[in-house]
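[1] okay, predicted coordinates and the sequence, questions at the end:
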Amino acid sequence: ETGVTQTPRHLVMGMTNKKSLKCEQHLGHNAMYWYKQSAKKPLELMFVYSLEERVENNSVPSRFSPECPNSSHLFLHLHTLQPEDSALYLCASSQGGGGAHGELFFGEGSRLTVL
Amino acid sequence: AQSVSQHNHHVILSEAASLELGCNYSYGGTVNLFWYVQYPGQHLQLLLKYFSGDPLVKGIKGFEAEFIKSKFSFNLRKPSVQWSDTAEYFCAVNRYNNNDMRFGAGTRLTVKP
């Protein structure tokens, strides 16, 4: 049990589908993150929400759309994806910024396959 | 551009061998440094972290890392590895009071029994 729960764990979708990934953290943290993990590449930071406001958007294509309705929940809405978007999508949370905290707590990931 | 470099993509060791995994970063200024581990089929979890103070940091499971500021390095070490240490290891860096944590590409460690 990591304190960060992601659903679904596996998702297969066509290029014309619309789907969403969900993340919930039970740790009382105030920042949440989406990372993309592809084989043999560094984890790519996609989005950061701090106190429910988006503070980081690393040139992610608009076919990925994040939503953070409150400090415990984070969504990643997916539409018209490409096969190269197939990857493991990781959600994480943390308390505060760098400072004396900054440690990320990760979920187990959502494995996305785009056909 | 800020980046994190891990020197080894795949390391294979026998049990009881010593381990050192390299990590260099390119940020200037004050940084927080982390090593995360991902065991097969499991989530990423923190192994150890450095914020300030003693540059030699002790983590879980006998791991340690040394921050050498002049070399922008944060290498991970373990004197004697076990088969159960087989996993992928990620170095990560963020600037002080900043949410932007950057990861290296990871080093896969295989320990032969």
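    That came through, no problem.

[2] going forward, measure contacts and count neighbours with C-alpha atoms only.
    OK.

[3] and for B:Phe90, the neighbour number?
    When neighbours are counted by other CA atoms under 10 Å in any protein chain shown, B:Phe90 registers 28.

[4] who are the contact partners of it?
    B:Trp35, B:Tyr36, B:Val37, B:Phe103, B:Gly104, B:Ala105, B:Gly106, B:Thr107 (CA atoms under 8 Å, 6 or more residues apart in numbering or on different chains).

[5] where does the closest residue to the first one other than its chain neighbours land in three-state SS?
    In this case it means B:Trp35. Spatial nearest neighbour of B:Trp35, chain neighbours left out: B:Cys91 (4.6 Å); criterion: CA to CA, 6 or more residues apart in numbering or on different chains. Look at B:Cys91: counting by DSSP: H, G, I helix; E, B strand; the rest coil, its state is strand.

[6] which SSE is B:Ala65 in?
    strand B:64-68 (DSSP states H and E).

[7] contact partners for the residue nearest to B:Tyr36 when sequence neighbours are not counted?
    Excluding its sequence neighbours, the residue lying closest to B:Tyr36 (CA to CA, 6+ apart) is B:Leu46, at 4.4 Å. When contacts are counted by CA under 8 Å, 6+ apart, B:Leu46 touches A:Glu103, A:Leu104, A:Phe105, B:Phe34, B:Trp35, B:Tyr36, B:Val37.

[8] can you give me phi and psi for B:Leu46?
    Main-chain dihedrals, B:Leu46, degrees, to the nearest 10: phi -70, psi 130.

[9] hmm, who's touching the one helix or strand in chain A whose mean pLDDT sits lowest?
    Within chain A, no helix or strand scores below strand A:53-57, which has a mean of 73 by mean pLDDT, DSSP states H and E. Contact with strand A:53-57 is made by A:Met46, A:Phe47, A:Val48, A:Tyr49, A:Cys68, B:Asp100, as judged by CA under 8 Å, 6+ apart.

[10] pull up the gap between the third one and chain B, please.
    If you measure A:Val48 against chain B using CA to the nearest CA, to the nearest Å, the figure is 7 Å.

[11] that older thread, now, the contacts of strand A:53-57 that are in helices?
    Using DSSP state H, no member of these falls in helices.

[12] am I right that A:His29 is in a strand?
    No: checked against three-state DSSP, A:His29 lies outside a strand; its state is coil.

[13] on that earlier part again, distance from the chain centre to the least confident helix or strand of chain A, please.
    12 Å (CA atoms, centre = their mean, to the nearest Å).

[14] what pairs with that strand, parallel or antiparallel?
    Strands that pair with strand A:53-57, judged by DSSP bridges, come out as strand A:44-50 (antiparallel).

[15] in the strand it pairs with, what's buried?
    By 16 or more other CA atoms under 10 Å in any protein chain shown, the buried positions in strand A:44-50 come out as A:Glu44, A:Leu45, A:Met46, A:Phe47, A:Val48, A:Tyr49, A:Ser50.

[16] now swap in stretch B:83-97 and tell me
    Buried residues in stretch B:83-97, defined by neighbour count with 16+ other CA under 10 Å: B:85-97.
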